[in-house]
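>>> Sequence and predicted structure are below.
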Amino acid sequence: MARELTQTHKMKQGEVASLLGITQAAVSKYTRQVRGRALNIEEIEEAHAATLDITHMLAKGQISRPDLVKKFCLVCRVVRQAGAMCELCKRSNPSLDVRLCRVCISENPACTLNDE
């Protein structure tokens, strides 16, 4: 998202940092792809579309903080349901059998905000 905001929407890193609630240094790292490489959201069509929607609304000032949080939760839910977190979990716990793990697709995920 930081890269999208700086490149497509021509925003300055400081502006992006303020919008996303992160530091300018973090924006710089995301933009240069030093950070955020563990998971490629662009490979998950629904999540990628949602992040593009979020960046557009942020750039235009058309989203409130509560709605931004809800949209982020939607992206997280889509990523979990797609099984994209399984490889990350497996890397952090090699003994985990991701075929049996149901944490990300459970009925009660950690993020329970309604996305409507």
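Looks like it arrived, so ask away. Numbers count the residues shown, from 1 in each chain.
>>> The nearest residue to E42 once chain neighbours are set aside: how many residues sit nearby?
In space, and not counting its chain neighbours, E42 is closest to H48: 4.8 Å by Cβ to Cβ, 6 or more residues apart in numbering. The way it works is simple: take the backbone N, C-alpha and C, and place the C-beta from them, glycine included. Around H48 there are 15 other residues, counting by other Cβ atoms under 10 Å.
>>> Can you check the pLDDT for H48?
H48 is assigned 96 on the pLDDT scale.
>>> can you tell me which helix or strand it belongs to?
helix 45-60 (DSSP states H and E).
>>> Let's verify S18: helix, strand, or coil?
helix (DSSP: H, G, I helix; E, B strand; the rest coil).
>>> Report pLDDT for it.
94.
>>> measure it to L58 for me?
10 Å (Cβ to Cβ, to the nearest Å).
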